[in-house]
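S.K.: next input, structure requested:
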Amino acid sequence: MPDLPNRSVDSNRRPWIMGILNVTPDSFSDGGRFASTGDALARAEEMIDEGADIIDVGPESTRPGAADVPADEQIARAVPVIRAIRERYPRFPLSIDVRLAAVAEAALDAGADMVNDTAALRDDDRLVSLIARRGCHVVLMHRRGTPATMQAGGGPQYDDVVGEITQFLLERARFAESHGIDRSRIVLDPGIGFGKRTEHNLAILRNTDRFTSLGYPVLIGASRKRFIASLLSASEPPEAADPTARLCGSLACAAVAALGGASMLRVHDVRETIALVRLLLAIHQSD
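M.R.: Okay, the predicted model is just below:
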């Protein structure tokens, strides 16, 4: 897998588009749609045809309120899908959205190139050494609490949400490097929607450049998330109930993140997001 462009210093390259492939029965937007290997492979092919740069396979829902899924069940969901995609596309970059070393190892053995860890190497002590040993890329995401608790009571409080997330991500990156993970293989994600209220998510997007200034590629994942509905539902009632109806809001978030220098956008709507970022890049490069 090639290294991501660090767009904080190379704004002439568009961000990578990470297509979301949930192989779960309960993900917030498309749970159950791609639970079979055949359906998942068909969706992967569709996103690749649309221009995705990488696909993120998710065997465990991390939506607010979600319960933990045993490692063996996650492996049973993810590994056949990764193998099927790898057989069809031998060199296409694949990511595994996972917090447990056993699941990550099985996914890497099946052909994954990246570990996308919503816990930033905190939920399983064995994961950091596995990633260092395998030499794969890793996404380190900020999250308050667990999926089951992170939005409880209206969400957590921050004195300085951008500053606190920045410090956390820098500490986790240094932790990863101190355990043998090469700096060039680390991606940072401020974790929109993971233990944040709407105002926190907006602050993250507004300050994407603060995260890119740390010198690591930055991933932003705002696609179809609930805070978009909270902002749009007053004028567009369907937004409140149907995550697939949040395209306009998702594209607005992607535009802000791209303009802020994000190196990767994690999205459900690949074709539309690629059209958006190509237009932004054309405008940026015009005289």
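S.K.: excluding residues flanking it in the chain, which one is nearest Thr37?
M.R.: Distances taken as Cβ to Cβ, 6 or more residues apart in numbering put Pro80 closest to Thr37, at 4.6 Å, once the chain neighbours are dropped. All C-beta spots, glycine's among them, are computed from the backbone N, C-alpha and C.
S.K.: now the helix or strand harbouring that neighbour: buried residues?
M.R.: In this structure, Pro80 is located in helix 71-88 according to DSSP states H and E. Neighbour counts using 16 or more other Cβ atoms under 10 Å place 71, 74-75, 77-86 of helix 71-88 among the buried residues.
S.K.: equivalent analysis for stretch 33-44, please.
M.R.: If you call a residue buried by 16+ other Cβ under 10 Å, then stretch 33-44 has these buried ones: 34-35, 37, 40-41, 43-44.
S.K.: closest one of those residues to Leu169?
M.R.: Ala44 (29.1 Å; Cβ to Cβ).
S.K.: assumed that closest one was part of a strand.
M.R.: No. According to DSSP: H, G, I helix; E, B strand; the rest coil, Ala44 belongs to no strand; its state is helix.
S.K.: report the contact partners of it.
M.R.: Counting by Cβ atoms under 8 Å, 6 or more residues apart in numbering, Ala44 touches 19, 21, 55, 81, 85, 88-89.
S.K.: got it, and Arg183?
M.R.: 173, 177, 216.
S.K.: quick check: of the residues you listed, which lies closest to Arg271?
M.R.: Arg271 has its nearest neighbour among the contacts of Arg183 in Tyr216, at 27.9 Å by Cβ to Cβ.
S.K.: so that closest one sits against Leu188, correct?
M.R.: Yes. Contact status for Tyr216 versus Leu188: in contact at 4.8 Å, counting by Cβ atoms under 8 Å.
S.K.: how much space separates Ala78 from Ile96?
M.R.: Separation of Ala78 from Ile96 (Cβ to Cβ, to the nearest Å): 6 Å.
S.K.: er, Leu280 I mean
M.R.: Taken as Cβ to Cβ, the span from Leu280 to Ile96 is 29 Å.
S.K.: which of these two has more residues huddled nearby?
M.R.: Neighbours per residue, other Cβ atoms under 10 Å: of Leu280 and Ile96, the larger number sits with Ile96, 28 against 16.
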